[in-house]
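Asker: okay, predicted coordinates and the sequence, questions at the end:
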Amino acid sequence: MGAKTGTSTPSAHNSIDTIAVRRRVAGMKQILLMIVYSGLIQIGLSQSKPALSKSQLVFIKTVEPFCAAYVAAPNELKKSALRAQRKIAISKMVGNGRVAGWIGTLEGMGTNSEGKAYVAVKLEGSRSISVKTWNNALSDIGSNTLIENGSNLFNSISNCSKGDKVVFSGHFFADKLSKLDCIEEASLTEMGSMTSPEFIFKFSAIRKKLSDKK
């Protein structure tokens, strides 16, 4: 009699089962990593001083776990899927995008060719998240994040130095151009956006923290 057709050999079944198991394990590792990383963030935030506002805590806990998950993702498809998931997560918590009394470290400051100030602030309690103005007039068209020379805000920033702890207020922008991040983000690459996000921000106030004043 001829060999039966339409059946799979044991080795084929084993191969399929092995692939399925590997996929489940990879997915579980990714989920576990986000949970662990979120827990580490919570520990760090609970120990951070000064106390952060609830909205800043929620923002960091929403965005930060995606940084490690992106690095750990096994391929480009899963990495891109994480960006889409982050967009949804941010949309659920960002509200109108306005914040007040957030705390961070002044990462950078300077002036452009027109004498307007640009600034970047790393969020307190975060390992990777920054908020910043644009640093050139072309990119700033329609956003007006650059700070006018001689304004009260400009003068306040001029009293700060790189590395100072600052308290700031202002608002994020809806991501109307790329529509990838819910709120506008400045990185040129997906990896930059996911591992060291720089969200564009319109500052309405920045001042050095009183505890940092000499």
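Answerer: Structure's in. What do you need?
Asker: what packs against the longest strand along the chain?
Answerer: In the chain, taking DSSP state E as the definition, the longest strand is strand 98-111. Counting contacts by 3 or more Cβ pairs under 8 Å, 6 or more residues apart in numbering; DSSP states H and E, strand 98-111 is packed against helix 54-63, strand 117-123, strand 130-132, strand 165-172. C-beta: built from backbone N, CA, C; applies to glycine.
Asker: among the ones you listed, which comes closest to residue 154?
Answerer: Among the helices and strands packed on strand 98-111, the nearest to residue 154 by Cβ to Cβ is strand 117-123 (5.3 Å).
Asker: mean confidence score for that closest one?
Answerer: The average pLDDT within strand 117-123 is 98.
Asker: and it, how far from the chain's centre?
Answerer: Using Cα atoms, centre = their mean, to the nearest Å, the mean C-alpha position of strand 117-123 is found 14 Å from that of the whole chain.
Asker: alpha carbons of that strand, as PDB, please.
Answerer: Included here for strand 117-123 are C-alpha records, laid out as PDB according to Å, rounded to 0.1, in the frame of the first residue of the first chain:
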ATOM      1  CA  ALA A 117      15.600  81.100  23.600                       C
ATOM      2  CA  TYR A 118      15.200  77.400  23.300                       C
ATOM      3  CA  VAL A 119      15.200  75.000  26.300                       C
ATOM      4  CA  ALA A 120      15.100  71.300  27.100                       C
ATOM      5  CA  VAL A 121      14.100  69.800  30.400                       C
ATOM      6  CA  LYS A 122      14.500  66.200  31.500                       C
ATOM      7  CA  LEU A 123      11.600  65.100  33.700                       C
END
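Asker: next, the angle from that strand to strand 98-111.
Answerer: Strand 117-123 and strand 98-111 meet at an angle of 130 degrees, taking axes from the mean of the first three to the mean of the last three Cα atoms, to 10 degrees as the criterion.
Asker: before we move on, the earlier item: can you lay out the helices and strands packed on strand 98-111 as a markdown table showing mean neighbour count and distance to residue 139?
Answerer: Supplementary listing: the helices and strands packed on strand 98-111 in a markdown table, determined by neighbours: other Cβ atoms under 10 Å; distance: least, Cβ to Cβ, whole Å:
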| stretch | mean neighbour count | distance to residue 139 |
| --- | --- | --- |
| helix 54-63 | 18 | 22 |
| strand 117-123 | 22 | 10 |
| strand 130-132 | 22 | 11 |
| strand 165-172 | 20 | 16 |
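Asker: so can I have TSV of those showing distance to residue 150?
Answerer: Formatted as TSV, the entries for these read as follows, by distance: least, Cβ to Cβ, whole Å:
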stretch	distance to residue 150
helix 54-63	30
strand 117-123	10
strand 130-132	21
strand 165-172	19
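Asker: nearest to residue 190, of these?
Answerer: Residue 190 lies closest, by Cβ to Cβ, to one member of the helices and strands packed on strand 98-111: helix 54-63, at 14.8 Å.
Asker: this protein - how does it break down into domains?
Answerer: 12-91, 98-212 (automatic domain parsing).
Asker: check these for me: which has the lowest mean pLDDT.
Answerer: When mean pLDDT is averaged over each of the domains of the chain, domain 12-91 scores lowest at a mean of 77.
Asker: still on that earlier bit, contact partners of the longest strand of the chain?
Answerer: Judged by Cβ atoms under 8 Å, 6 or more residues apart in numbering, the contacts made with strand 98-111 from elsewhere in the structure are 50, 52-53, 55-56, 59, 117-124, 130-132, 135, 149, 157, 160-172, 209.
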